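# I would like the atomic coordinates for the input below:
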Amino acid sequence: ASIFASEAEVQAALEQTHLKGQIASIAAINAPDRVVLSGHRRAIEAVCDGMDYIMLPIAHAMHSEMIAPILPELRKVVDQCTLQKPASDVHFVSTLTGGVVTNELCESGHWIGHDEAKPMLFLRGMQTLE
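Numbers count the residues shown, from 1 in each chain. Coordinates of the predicted model:
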């Protein structure tokens, strides 16, 4: 779900919402007042209760712990890729860290991190570019 609220507001709602066997977590921070949640639909709806949001038509709970079962196989695939750092005149901003990266791009863990339960820091990345 894309929620029209700050990261702090969404985090507070997450901490107050507990549904047994249901997962919801911040998947992306896209703007000061735009946060994306990922997880089970019931948990997401409970967290979003009272907030303006749009349920996104996505089939998988990307950037959440629900994706963990595929990570070992994904790591095998990434490990087979030839990873290279960008040319010295190219500034590559990662949405995983929100900062400029170089050598990290050569590590499979950086790419696997995009699908772990870590939010994408798009807002921080855009701030880095400013």
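
# Would you mind listing the buried residues in stretch 2-19?
For stretch 2-19, the buried set under the neighbour-count rule, 16 or more other Cβ atoms under 10 Å, comprises 2-3, 5, 7, 10, 13-14, 17. In short, each C-beta sits where N, CA and C put it, glycine included.

# what's the closest of these to E104?
Lowest distance from E104 to the buried residues of stretch 2-19 (Cβ to Cβ) belongs to E7, with 23.1 Å.

# so what secondary structure elements neighbour the lowest-mean-pLDDT helix or strand in the chain?
Taking mean pLDDT, DSSP states H and E as the measure, helix 108-112 is the helix or strand of the chain with the lowest mean score, a mean of 82. Other helices and strands packing on helix 108-112, by 3 or more Cβ pairs under 8 Å, 6 or more residues apart in numbering; DSSP states H and E, are helix 71-79.

# circling back: can you tell me what sits against the least confident helix or strand of the chain?
Residues outside helix 108-112 that contact it (Cβ atoms under 8 Å, 6 or more residues apart in numbering) are 71, 74-75, 78-79, 81, 83, 94, 96, 101, 104.

# at 7 Å instead, please
With contact meaning Cβ atoms under 7 Å, 6 or more residues apart in numbering, helix 108-112 is reached by 71, 74-75, 78-79, 96, 104.

# most surrounded residue in these?
Comparing these on neighbour count, L96 comes out first with 21 neighbours (neighbours: other Cβ atoms under 10 Å).
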